[in-house]
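*Asks:* Requesting a structural model of the entry that follows:
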Amino acid sequence: QWPLVESGGGLVQPGGSLTLSCAASGFTFDFYAVGWFRQAPGKEREGISCISTSPDSANYVDSVRGRFTIIRDTAKNTVYLHMTNLGPEDTARYYCTTTKTTLQATCIMVPLRDNWGQGTQVTVSS
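*Replies:* Down below sits the predicted model:
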């Protein structure tokens, strides 16, 4: 069983907000960089954000920078993606996974393993 479970997706109007959760079981998230990816219909999966290990520095692609915030909650072994000012272009299935890092332990939006959970659907529509 894939140890990461995404939740929090749903239908939201343009301009709205959602917070996605990525909960880990069976291992400690603290030791891993974690990223959020999304796949829209007919498009390839793309990395949109990741968070490094200590310190919890974050990276974002240009299309979400300033609107999305990735947060690690160590106590809950969960990584969140807080999304604001959503638009139709954000409609996609969202996935989380552990990611690769640079030698300086900075996260990069490349999955550590090509294994994926079921994801959570985000639909932005009026």
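
*Asks:* Which strands or helices does the strand or helix carrying Leu81 pack on?
*Replies:* Using DSSP states H and E, Leu81 maps to strand 78-83. Strand 78-83 sits against strand 18-24, strand 33-39, strand 68-73, strand 92-101, with contacts defined as 3 or more Cβ pairs under 8 Å, 6 or more residues apart in numbering; DSSP states H and E. The way it works is simple: take the backbone N, C-alpha and C, and place the C-beta from them, glycine included.

*Asks:* strands paired with it, and their directions?
*Replies:* Partner strands for strand 78-83, per DSSP bridges, with pairing direction: strand 18-24 (antiparallel), strand 68-73 (antiparallel).

*Asks:* Next one: the residue nearest to Trp116 when sequence neighbours are not counted, what pLDDT does it get?
*Replies:* Distances taken as Cβ to Cβ, 6 or more residues apart in numbering place Tyr95 nearest to Trp116, at 5.3 Å, with adjacent residues excluded. At Tyr95, the model reports a pLDDT of 97.

*Asks:* quick one: buried residues of stretch 43-57?
*Replies:* Neighbour-count burial for stretch 43-57 flags 45, 47-53, 56 (criterion: 16 or more other Cβ atoms under 10 Å).

*Asks:* Please give me every residue in contact with the residue most central in space within the chain.
*Replies:* In the chain, the residue lying closest to the centroid (Cα atoms, centre = their mean) is Trp36, at 2.1 Å. Residues in contact with Trp36 (Cβ atoms under 8 Å, 6 or more residues apart in numbering) are 20, 22, 47-50, 68, 70, 79, 81, 94-96.

*Asks:* try 6 Å
*Replies:* By Cβ atoms under 6 Å, 6 or more residues apart in numbering, the contact list for Trp36 reads 48-49, 81, 96.

*Asks:* Which of the residues in the strand holding Leu81 are classified as buried?
*Replies:* 78-81, 83.
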